[in-house]
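[1] Got a sequence here, can you build the structure:
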Amino acid sequence: MTPYDSSLPDRAEALVADILERRAGQHPERVFAVFAGGAVGSGGTEWTYADAAAAAWSMAAGLVELGVRPGEHVLSWLPTSSHAFATWFGINAAGGIFTPLNLAYKGSILRHVVNLPESRVMVVHAELVDRLRGLDLPHLETVIVVGGEPADPPPGLRVLRWDEVQRPGAARPVLERPREVWDDMAIIYTSGTTGPSKGVRCTYMHHHVYAQGLFPPEEIGGGDRFFQCLPMFHASGTTSTYVMLQRGGSLAVTDGFSTETFWSDVRRHQVTTAIIMAAMATFLYNRPARPDDADNPLRVAYMGPMISDVEGFSRRFGVRLYSTYAMSELPNPLRTPMNPTNAKACGRLLPGWEVRLVDDNDREVAPGVLGEVVARHAKPWVITPGYLGMPEATAEAWRNGWFHSGDGLVRDEDGDYYFVDRIKDSLRRRGENISSMEVEADITAHPDVQEAAAVRVPSDYGEDEVLAVVVRRPGAVLTHEALTEYLIERMPYFMVPRYLEFADELPKTASMKVRKVELRERGLTERAWDREAAGIRLRRQQLRAPG
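    The predicted structure follows:
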């Protein structure tokens, strides 16, 4: 058993504002971020560490003048850009808690995530402001708009331009009480399972340990440049930025992943490390091979989950690969070695962690038997302390002294762990977690729908697609196309089911609960309608780079 160790890092090693101040003092002219495609703010097309600190202090001073207090949640609804970094760093420097929102949110899910933290202030891209209209947002008072004037701002809100809030040349604010490593740094929203989406409380200590597990210190250091195409509303996006800041490295910032430009971007920006999700890896590997594929600066990359031909990918592109198991709540208790020979495993136990696989009654299962991952760490404040404003969900996750992940894994006799499935009723599509309950709620809001069940079905890219089985009201003539158009107007693009199947009834248990396991096992039938085959393909909204 791992001995208990309550020691914690100094603030200068873990707190974003303290790290930034230290780095800017040690090497102010070192490049921190290169912004591709004109997504720039102060500092031009690239930021030095001094530029990053100046942008953070400028934003922080403006937030303090607006009355933002330590421990207050400030919403950030921005694409990955210098404005997003200035907002995050500025919120933390003002003592606030960075609360980023998914750019695809709209409707009821947007109302929920804005209201849950009771935030008074939001920083938002001009093209997203209109989605706030008509929502009951009793706490929101001020929106700081990036990228131009909103076309039609919602009534009752104070609207400020980005430049009106900035205080160029300001010093870092002095807080009444310094923030500590156990304080919340950010809220990362993750999929709800039996309820609405949950706000995962991420302490500074959480990200400090997350960085160690996701980016091996012996492999990735101050001389590396990370390919930052990840959104700031996911833990992978905040952790990858945090680790480069912490280690004195740099970022090459782009607006999302592109199969066509990935390798040219890597070469142009001298990228040495990256996160390559399974779907991304599949797209890259399936492109025609070129003689110069390995002629690139990328040295080491996380791939999750691993594709089957790890050795072939590594050899073709000249990059060493590894994988981990983690979730927003649980920072990387497992990691593989570099270029693992066992591509199916998601890793072995890292130092400081205890992990058990248990049954429904928290009894440990034998090797080879599917069990739920429960975990704890030798140091405090590493795993999320809970879900914002959801004490029942927090108590459900933290049972018997262990954090319960809801994920099903198997361990073999050699100590390798294998991800099998999510025991909880959630889905994952194109890197986004999806609550089946939220999908079902929007479908059943249609006046012609009686009930619905959303389940995952496999895709060609190692992730999930969403199948919704729908029961129409008697006499209704609702079509697949009409229901899809209705959902597109109300749901984030990634939540809109690809497959719809109309049924006379849903399979039920004796207690009248929907037997989703039966729907999952049945999968796609000849009655399932495919919207992509019908020509309805959805993509995320491309926002203008704020200049």
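
[2] Quick check: nearest residue in space to the spatially most central residue of the chain, chain neighbours excluded?
    In the chain, the centroid-proximal residue (C-alpha atoms, centre = their mean) is His234; its distance is 1.7 Å. Among residues not flanking His234 along the chain, Ile188 sits closest, at 6.9 Å (C-beta to C-beta, 6 or more residues apart in numbering). Glycine gets a C-beta too; all of them are placed from N, C-alpha and C.

[3] Give me the secondary structure label for that neighbour.
    Following DSSP: H, G, I helix; E, B strand; the rest coil, Ile188 is assigned to strand.

[4] what bridges to it?
    Val200 (DSSP bridges).

[5] Quick check: which ranges of the stretch 51-200 of the chain have low pLDDT?
    Along the stretch 51-200 of the chain, segments meeting pLDDT under 70 span 191-195.

[6] buried sites along the top helix by length along the chain?
    Determined from DSSP state H, the single longest helix within the chain is helix 49-65. Neighbour-count burial for helix 49-65 flags 49-64 (criterion: 16 or more other C-beta atoms under 10 Å).

[7] who's in contact with the next helix or strand after that helix?
    Following helix 49-65 in sequence order, the next helix or strand is strand 73-77 (DSSP states H and E). Contact with strand 73-77 is made by 63, 68, 84, 87-88, 91, 94, 96-101, 103, 105, 114, 117-119, 121-125, 128, 140, 187, 232, 388, as judged by C-beta atoms under 8 Å, 6 or more residues apart in numbering.

[8] Then stretch 307-317?
    The contact list for stretch 307-317, computed with C-beta under 8 Å, 6+ apart, reads 263, 278, 281-282, 284-285, 289, 293-294, 296, 298, 303, 319-321, 339-340, 343, 462.

[9] I'd like the distance from that stretch to the chain centre, please.
    Averaging C-alpha positions (C-alpha atoms, centre = their mean, to the nearest Å) puts stretch 307-317 26 Å from its chain's average.

[10] list the buried ones in it?
    Neighbour counts over stretch 307-317 (16+ other C-beta under 10 Å) mark Ile307, Val310, Phe313, Ser314, Phe317 as buried.

[11] Could you do stretch 535-547 as well?
    Of the residues in stretch 535-547, Leu538, Arg540, Leu543, Ala545, Pro546 count as buried by neighbour count, 16+ other C-beta under 10 Å.

[12] and those, which of them are in helices?
    If you go by DSSP H, the buried residues of stretch 535-547 have nothing in helices.

[13] Can you tell me which of these comes closest to Pro331?
    Distance to Pro331 across the buried residues of stretch 535-547 (C-beta to C-beta) is lowest for Arg540, with 26.5 Å.

[14] what residues are up against the closest one?
    Leu103, Ala104, Gly256, Tyr493, Phe494.

[15] if we can go back for a sec, I'd like the distance from the residue nearest to the centre of the chain to Arg299, if you could.
    As judged by C-beta to C-beta, to the nearest Å, His234 and Arg299 stand 23 Å apart.

[16] do the same with Ala278
    With C-beta to C-beta as the criterion, Ala278 and Arg299 are 20 Å apart.

[17] what's the answer for Asp504, then?
    Distance from Asp504 to Arg299, by C-beta to C-beta: 57 Å.

[18] So if I had to pick from these two, which one is more boxed in?
    Between Asp504 and Arg299, counted using other C-beta atoms under 10 Å, Arg299 has the larger neighbour count: 15 against 6.

[19] Return the distance of the more buried one relative to His83.
    Distance from Arg299 to His83, by C-beta to C-beta: 30 Å.

[20] likewise Gly147?
    With distances taken as C-beta to C-beta, Gly147 is found 8 Å from His83.

[21] tell me, what's touching the two both at once?
    Common neighbours of Gly147 and His83, using C-beta under 8 Å, 6+ apart, are Trp162, Pro546.

[22] So between those two, which is more surrounded?
    Counted by other C-beta under 10 Å, Gly147 and His83 do not tie: His83 has more neighbours, with 26 against 22.

[23] nearest spatial neighbour of the more buried one, skipping sequence neighbours?
    Nearest non-adjacent residue to His83 (C-beta to C-beta, 6+ apart): Val146, at 4.9 Å.

[24] quick one, phi/psi of the one you found?
    phi -110, psi 140 (degrees, to the nearest 10).

[25] Can you name the residues bridging to it?
    Beta-bridge pairing of Val146 under DSSP bridges involves His125.

[26] Next, the buried residues of stretch 149-159.
    By 16+ other C-beta under 10 Å, the buried positions in stretch 149-159 come out as Pro150, Pro153, Pro154, Leu157, Val159.

[27] For the residue of the chain most remote from its centre, give me the backbone phi and psi.
    Ranking residues of the chain by C-alpha distance from their mean position (C-alpha atoms, centre = their mean) puts Gly475 at the top, at 41.8 Å. Note on Gly475: backbone dihedrals following degrees, to the nearest 10 are phi 90, psi -10.

[28] Identify the residues contacting it.
    Not one residue lies near Gly475 by C-beta under 8 Å, 6+ apart.

[29] Check the spacing between it and Arg515 real quick.
    Gly475 is 26 Å from Arg515, where distance means C-beta to C-beta.

[30] now, among the buried residues of stretch 307-317, which is nearest to Thr273?
    Phe317 (13.1 Å).

[31] State the distance from the closest one to Gly221.
    Noted for Phe317: a distance of 21 Å to Gly221, by C-beta to C-beta.

[32] Please apply the same query to Thr259.
    29 Å.

[33] go on, Asp442?
    Relative to Gly221, and taking C-beta to C-beta, Asp442 is found at 45 Å.

[34] which of these two has more neighbours?
    Ranked by neighbour count (other C-beta under 10 Å), Asp442 and Gly221 place Asp442 first, with 24 against 16.

[35] wait, isn't the more buried one in contact with Leu110?
    No - applying C-beta atoms under 8 Å as the test, Asp442 and Leu110 come out as separate, 12.0 Å apart.

[36] Can you show me the helices along the stretch 101-250 of the chain?
    Remark: helices assigned in the stretch 101-250 of the chain by DSSP state H, counting those that start in this stretch are 107-115, 162-165, 204-214, 235-247.

[37] so which of those gets nearest Ala453?
    With C-beta to C-beta as the yardstick, what comes closest out of these is helix 107-115 (18.6 Å).

[38] Can you check what angle separates the closest one from strand 73-77?
    Relative orientation of helix 107-115 with respect to strand 73-77: 140 degrees, computed using axes from the mean of the first three to the mean of the last three C-alpha atoms, to 10 degrees.

[39] Put the alpha carbons of helix 107-115 into PDB.
    The C-alpha coordinates for helix 107-115 follow below in PDB (Å, rounded to 0.1, in the frame of the first residue of the first chain):
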ATOM      1  CA  GLY A 107     -30.600  26.100 -25.200                       C
ATOM      2  CA  SER A 108     -31.200  24.300 -22.000                       C
ATOM      3  CA  ILE A 109     -27.700  23.000 -21.600                       C
ATOM      4  CA  LEU A 110     -26.300  26.500 -22.000                       C
ATOM      5  CA  ARG A 111     -28.700  27.800 -19.400                       C
ATOM      6  CA  HIS A 112     -27.700  25.100 -16.900                       C
ATOM      7  CA  VAL A 113     -23.900  25.600 -17.200                       C
ATOM      8  CA  VAL A 114     -24.200  29.400 -17.000                       C
ATOM      9  CA  ASN A 115     -26.500  29.300 -13.900                       C
END
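
[40] Output the contacting helices and strands for that helix.
    Helix 107-115 is packed against helix 436-444, with contacts defined by 3 or more C-beta pairs under 8 Å, 6 or more residues apart in numbering; DSSP states H and E.
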